[in-house]
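Trainee: Following is a predicted model, sequence given first.
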Amino acid sequence: MSKKKHTDTTIVTTGRDPHNNHGVINPPVYHASTILYPTVEALYARDADVTYGRRGTPTTFAFQDAVAELEGGYRSLVTPSGLSACSIALLAHLKAGDHVLVTDSVYGPTRAFCDIVLKRYAIHVEYYDPTIGAGIAGLLRPETTVVFAEAPGSQTFEMQDIPALAKAAHDAGALLIVDNTWASPLFCQPFELGADISIQAATKYIVGHSDVMMGTITTNEKAWRATIKNHGAIGITAGPDDIYLALRGLRTLSVRLNKHMETGLLLAKWLQDRPEVSRVLHPALSTDPGHEIWKRDFSGASGLFSIVLNPASDAAVAAMLDDMELFGMGYSWGGYESLIIPAAPAENRTATTWAPEGPLLRLHAGLEDPNDLIADLDAGLNRLRASA
Ligand SMILES: *Cc1c(COP(=O)(O)O)cnc(C)c1O
């Protein structure tokens with residue numbers, strides 16, 4: 001087939017080579033540190049695909065190739081967590097004296113990396129309003145080398161105008177990095193929108209089973225050399241068993257994510273009508289302020305969204321959450337199970353204020369029967385009201 005295949009087909013076929021592997025469908029797990037070279041000439045040339053375990057084995061390359069194809073980028077690198085994908089991508093394109101613009105809605109630990117590490121190396125970190133769009137041109141300086149976006153932010157769900165950010169960044173000679181974890185490559189193609197680098201916390205939807213930490217950095221051709229050079233220099237590597245599990249998770253990304261989307265929207269709409277709920281933050285709802293951008297740039301939504309409750313005491317929130325039956329309380333998301341946590345995004349803001357009218361709860365819609373999830377939420381909201 002010469003024509004570009006549909007994504008669901010690519011998810012099944014990418015990163016596989018059964019005919020060079022005894023017909024076995026899945027790529028084998030290669031455990032390796034030392035790689036043997038047959039001759040002195042080969043040892044010095046080091047031009048084989050596999051040169052040393054830290055730089056990856058065929059298991060690594062199979063997963064990287066699959067992610068690169070799905071993201072629509074030039075090539076991909078694997079890292080042992082989503083956070084290390086963010087930190088390596090930033091380090092690869094920043095040096096002392098540079099200025100980096102980071103969305104104020106960024107994932108908290110990415111922000112901590114910027115504040116704790118980047119600032120110590122004389123890199124000027126500035127946070128911007130996630131809804132700034134083309135207005136970011138006013139913040140770009142001659143020494144700005146990177147704009148870091150995350151669309152939508154994983155607590156407050158503001159959409160970002162990626163094409164506008166890309167244009168302004170490129171006009172100023174800067175790169176645009178997008179953390180694309182929420183939508184996954186299934187529902188957002190950042191390179192088509194102008195991004196230079198796309199990051200996945202593969203821990204979430206690609207792995208999909210809450211049992212592996214993993215990250216990926218995919219770049220366009222322009223950003224590739226500096227990225228792989230720094231990734232190698234820093235010495236980051238992921239183990240082959242974990243990579244195998246990530247590649248296995250990837251095969252069912254489409255069926256899982258479509259179900260997460262369907263259940264997430266069902267819950268979001270049900271929650272919109274509850275008297276305890278002030279607002280639902282979910283860009284696929286037509287009432288959401290980011291809905292037009294979502295409709296223009298994304299082809300679907302994941303199962304992660306937030307609600308803002310009407311004013312309620314901490315005790316009432318605890319009464320609701322402590323006794324949830326199906327919704328577990330825990331960080332991370334993207335696994336098959338439903339989750340709910342209270343979040344305090346205001347603590348992580350400096351460029352914008354976040355002062356919602358009541359407590360914020362973040363929900364992850366899992367793969368359980370949505371009727372059971374609604375019953376769990378119904379009982380929880382009744383407990384909240386009863387103890388208000
Ligand atoms: C979870 C997450 C990360 C970090 O991934 P880890 O694998 O937990 O390190 C980065 N970005 C976003 C948007 C996330 O949700």
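Mentor: Cool, got the structure.

Trainee: hmm, who's touching the helix or strand hosting Arg383?
Mentor: With secondary structure defined by DSSP states H and E, Arg383 is part of helix 370-386. Applying C-beta atoms under 8 Å, 6 or more residues apart in numbering, the external contacts of helix 370-386 come out as 262-263, 266-267, 270-271, 274-277, 309, 312, 316-317, 319-321, 323-327, 338, 365-366. Using the backbone N, CA and C atoms, a C-beta is placed for each residue, glycine as well.

Trainee: Check the model's average confidence along that helix for me.
Mentor: Taken as a whole, helix 370-386 carries a mean pLDDT of 98.

Trainee: go on, stretch 207-224?
Mentor: The pLDDT scores in stretch 207-224 average 98.

Trainee: Filter the contacts of helix 370-386 down to the buried ones.
Mentor: 263, 267, 270-271, 274, 276-277, 309, 312, 316-317, 319-321, 324, 326-327, 338, 365-366 (16 or more other C-beta atoms under 10 Å).

Trainee: Just these: which are in helices?
Mentor: Thr263, Leu267, Trp270, Leu271, Ala316, Val317, Ala319, Met320, Leu321 (DSSP state H).

Trainee: Now for the third one: which residues touch it?
Mentor: Contact analysis of Trp270 by C-beta under 8 Å, 6+ apart lists Ile374, Leu377.

Trainee: Name the nearest residue to the residue of the chain at minimum distance from the ligand, ignoring sequence neighbours.
Mentor: Nearest residue of the chain to the ligand: Gly82, at 2.2 Å (C-beta to the nearest ligand atom). Closest residue in space to Gly82, ignoring its immediate chain neighbours: Ala201 at 2.4 Å, by C-beta to C-beta, 6 or more residues apart in numbering.

Trainee: Please report the number of neighbouring residues for that neighbour.
Mentor: By the measure other C-beta atoms under 10 Å, the count of residues near Ala201 is 31.

Trainee: for the one 10 residues further on, same thing?
Mentor: In terms of burial, Asp211 registers 11 neighbours under the definition other C-beta under 10 Å.

Trainee: Specify the local secondary structure of it.
Mentor: coil (DSSP: H, G, I helix; E, B strand; the rest coil).

Trainee: hang on, isn't it packed against Asp242?
Mentor: No - in this structure Asp211 lies outside contact range of Asp242 using C-beta atoms under 8 Å: 9.0 Å.

Trainee: Leaving out sequence neighbours, find the closest residue to Val258.
Mentor: Not Val; residue 258 is Asn. Nearest non-adjacent residue to Asn258, counting by C-beta to C-beta, 6+ apart: Gly300, 7.2 Å away.

Trainee: who touches the one you found in this structure?
Mentor: The contact partners of Gly300, by C-beta under 8 Å, 6+ apart, come to Ala183, Leu186, Phe187, Leu257, Asn258, Met261, Ala284.

Trainee: Check which residues of the helix holding Arg383 are buried.
Mentor: For helix 370-386, by 16+ other C-beta under 10 Å, it's Pro370, Leu373, Asp376, Leu377, Gly380, Leu381, Arg383, Leu384, Arg385.

Trainee: got TSV for the residues you listed, with distance to the ligand too?
Mentor: Below are the buried residues of helix 370-386 laid out as TSV (distance: C-beta to the nearest ligand atom, whole Å):
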residue	distance to the ligand
Pro370	23
Leu373	21
Asp376	23
Leu377	22
Gly380	24
Leu381	26
Arg383	28
Leu384	26
Arg385	31
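
Trainee: Closest one to Trp354 out of those residues, please.
Mentor: Leu384 (21.5 Å; C-beta to C-beta).

Trainee: Contacts only, for the closest residue to that closest one other than its chain neighbours.
Mentor: Leaving aside its sequence neighbours, Leu384 sits nearest to Met320 (C-beta to C-beta, 6+ apart; 4.0 Å). By C-beta under 8 Å, 6+ apart, the contact set of Met320 is Gly380, Leu381, Arg383, Leu384.

Trainee: got it, and Leu91?
Mentor: Asn230, Ile234.
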